[in-house]
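S.K.: Sequence plus the predicted model coming up.
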Amino acid sequence: MELCFATNNQHKLEEVSARLGGAFHLKTLSAIGCTDELPETSGTIPGNSRQKADYVWTHFGVSCFADDSGLEVAALNGEPGVDSAFYSGSRDAAANIKKLLANLDGTTDRKARFITVFTLLLHDRNAGPVEHQFDGVVDGQILLEPRGIGGFGYDPIFLPDGYDRTFAEMSMDEKNKISHRSQALTKMVAYLDQQVNV
Ligand code: ITT
């Protein structure tokens, strides 16, 4: 089955491709001729995920899925959440981490969670595009300072519960065993397998 992964984030693409192996024929946005920034203006993670998939479906007419993700920090009332990508005003991961650590300065409650919502839009000959959402959540703690050089975004300051290494200290395969994104992917693949077997 051919599916476009509606993301401009190379790290997401690498994680999802590694996790899928050859299970599906993944097409990138550039492979379908899309060079646009995807819209993300809904104010929620599920809403932004839907917007991105809808955009690709509407403009390019291909079956696709989109990923919207964010880091929710309990002591910051869920910030940066839907604003995770541009928390500091830019996409710069180091600046985003710096702002987050400054906002948490002196706070002993370091609880946080990563969330991913995938929106799958599948072409259906009879019903038009059929939409499904799949989510994944991983709980953890925000460290006092960054550790590790792998992964991307907030990975160097996120310690998943039950582990003594941050996501940035894990290999991609290790992160992929437990991450928010891989949980959402597992649910989506189970759904797609079901469709093929019906
Ligand atoms: P697309 O919309 O093109 O998919 P994006 O980077 O804009 O790419 P998001 O809107 O979902 O994607 O941004 C969420 C931000 O949250 C992302 O830029 C990272 O800073 C952070 N993030 C998401 N998943 C993460 C992960 O697995 N590890 C660390 N940080 C992550």
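M.R.: The structure has been received and is ready for your questions.

S.K.: I'd guessed residue 155 sits against residue 166; true?
M.R.: Yes. With contact defined as CB atoms under 8 Å, residue 155 counts as touching residue 166 (6.3 Å). Bear in mind the C-beta positions are built from the backbone N, C-alpha and C, glycine included.

S.K.: where do the contact lists of the two overlap?
M.R.: Residues touching both residue 155 and residue 166 (CB atoms under 8 Å, 6 or more residues apart in numbering): residue 148.

S.K.: Name the residues of the protein found near the ligand, please.
M.R.: Residues of the chain lying close to the ligand by CB under 6 Å from any ligand atom are 7-9, 12, 38, 40, 52, 67-70, 84-85, 114, 151-155, 167, 179, 181.

S.K.: repeat that for 5 Å
M.R.: By CB under 5 Å from any ligand atom, the residues of the chain that approach the ligand are 7, 8, 9, 68, 69, 84, 85, 153, 154, 155.

S.K.: quick check, nearest of those residues to the ligand?
M.R.: residue 153 (2.3 Å; CB to the nearest ligand atom).

S.K.: Quick one: residues contacting that closest one.
M.R.: Residue 153 makes contacts with 11, 71, 84, 85, 93, 96, as judged by CB under 8 Å, 6+ apart.

S.K.: One more pass at 6 Å, please.
M.R.: Applying CB atoms under 6 Å, 6 or more residues apart in numbering, we find residue 153 in contact with residue 93.

S.K.: which ones are touching the spatially most central residue of the chain?
M.R.: Nearest residue to the geometric centre of the chain (CA atoms, centre = their mean): residue 69, 3.8 Å. Counting by CB under 6 Å, 6+ apart, residue 69 touches residue 116.

S.K.: can you redo the residues of the chain next to the ligand as a markdown table with pLDDT?
M.R.: Shown next, in a markdown table, are the residues of the chain next to the ligand (pLDDT from 0 to 100):
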| residue | pLDDT |
| --- | --- |
| 7 | 97 |
| 8 | 96 |
| 9 | 97 |
| 68 | 98 |
| 69 | 98 |
| 84 | 98 |
| 85 | 97 |
| 153 | 98 |
| 154 | 98 |
| 155 | 98 |
